[in-house]
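Colleague: Need coordinates for the following:
(2 chains)
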Amino acid sequence: NAGVTQTPKFRILKIGQSMTLQCAQDMNHNYMYWYRQDPGMGLKLIYYSVGAGITDKGEVPNGYNVSRSTTEDFPLRLELAAPSQTSVYFCASSTTGQGADTQYFGPGTRLTVL
Amino acid sequence: AQSVTQLGSHVSVSEGALVLLRCNYSSSVPPYLFWYVQYPNQGLQLLLKYTTGATLVKGINGFEAEFKKSETSFHLTKPSAHMSDAAEYFCAVSINTDKLIFGTGTRLQVFP
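Modeller: Next up, the predicted model:
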C-alpha cells in the first residue's frame, strides 16, 4: 500500500492564480481531511469528507474548495491564491472518523504564494 | 470545547538523556489523546494514542505517555534520547467526533 499520497511536493504560485492540490489514498478509508500547517500554529483543519459525495468545512475553510467524487481522491482547490495561503498542506485519512481512530497523513505539499 | 497546550516550543537534550515533552488538554468529556511525530520534510506519523484502559501507553521507538486525568496531562517520555529522535512532536485530542485538535508542536533537538 502506498498509503496517502500528495502531489505536487512543492509549488510557487503568483497572487490570483489557482491550483489544485491532489490527494489520494489506497486504504479504502471513508474519512479524509485537509490540514494546513503554519509555523508555531500546529495543524488547522480546512475541510473534511465522511465519504464520496459528502464534504464539510473545518476550522479555516475560507479561500478553499474541495470535492469527493470517489473514495480514493480528495482534491483541494485554491481559486484565487493569496499570500496568506502560503503554508504546508497535509492530507489525511481514517477508517471510521470516530474519536479513537488514527489518522494517516500524506507527505505534504509546500505552497508559496508570491 | 477541547484544546491542547504543549509547553515549550523547543526542547533540547543530550543524546542518552531523558526526553520529556509536556501536553495538557482541556475537555469536558473523557478524551482520546494522541502523540504524532513529524520528521523533517515528512508528514505526521502516529507515535502512540490513549483511548481507554491502561493509562500508561507505549508507542514506537521507545516512547511512552501516561494519561493523568487529575492533572489533565498526557506527557511524552523516552528514557534515553537518540539522535534520530530529533523531530517535531504534536499532541492532539479528540472526543467522540471525527476531528483532531492539535497542539502547536514541540521541536526536539538532540545534541551529541
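Colleague: Output the set of residues of chain B in proximity to chain A.
Modeller: B:9, B:31-32, B:34, B:36, B:41-46, B:49, B:51-52, B:90, B:94-100, B:102-105 (CB under 8 Å from any CB of the partner chain). Every residue, glycine included, has its C-beta placed from N, CA and C.
Colleague: The same query, at a cut-off of 6 Å, please.
Modeller: With CB under 6 Å from any CB of the partner chain as the criterion, chain B meets chain A at residues B:32, B:42-44, B:46, B:51, B:94-98, B:102-105.
Colleague: residues touching residue B:17, list them.
Modeller: Residues counted as contacts of residue B:17 (CB atoms under 6 Å, 6 or more residues apart in numbering or on different chains) are residue B:81.
Colleague: picking up where we left off before, for the residues of chain B next to chain A, pick the one with the most neighbours.
Modeller: Counting neighbours by other CB atoms under 10 Å in any protein chain shown, residue B:44 leads the residues of chain B next to chain A with 28 neighbours.
Colleague: you'd agree that residue is up against residue A:105?
Modeller: Yes: the pair residue B:44 and residue A:105 passes the contact test of CB atoms under 6 Å, sitting 4.3 Å apart.
Colleague: picking up where we left off before, can you name the two of the residues of chain B next to chain A that sit furthest apart?
Modeller: B:42 and B:96 (29.7 Å; CB to CB).
Colleague: What is the neighbour count of residue A:14?
Modeller: Neighbours of residue A:14 (other CB under 10 Å): 8.
Colleague: Kindly apply the preceding question to residue B:28 instead.
Modeller: Residue B:28: 8 neighbours (other CB under 10 Å).
Colleague: Report the beta-bridge partner residues of residue B:44.
Modeller: For residue B:44, the beta-bridge partners are residue B:38 (DSSP bridges).
Colleague: Tell me how far residue A:16 lies from residue B:21.
Modeller: 41 Å (CB to CB, to the nearest Å).
Colleague: Also residue B:37?
Modeller: 10 Å.
Colleague: Of those two, which one has the most company?
Modeller: Using other CB under 10 Å as the criterion, residue B:37 and residue B:21 rank with residue B:21 on top: 24 against 21.
Colleague: ok, and the closest non-adjacent residue to that one?
Modeller: Distances taken as CB to CB, 6 or more residues apart in numbering or on different chains place residue B:76 nearest to residue B:21, at 4.3 Å, with adjacent residues excluded.
Colleague: Quick one: list the elements packing against the host helix or strand of that neighbour.
Modeller: According to DSSP states H and E, residue B:76 maps onto strand B:73-78. Using 3 or more CB pairs under 6 Å, 6 or more residues apart in numbering or on different chains; DSSP states H and E, the elements in contact with strand B:73-78 are strand B:19-26, strand B:64-68.
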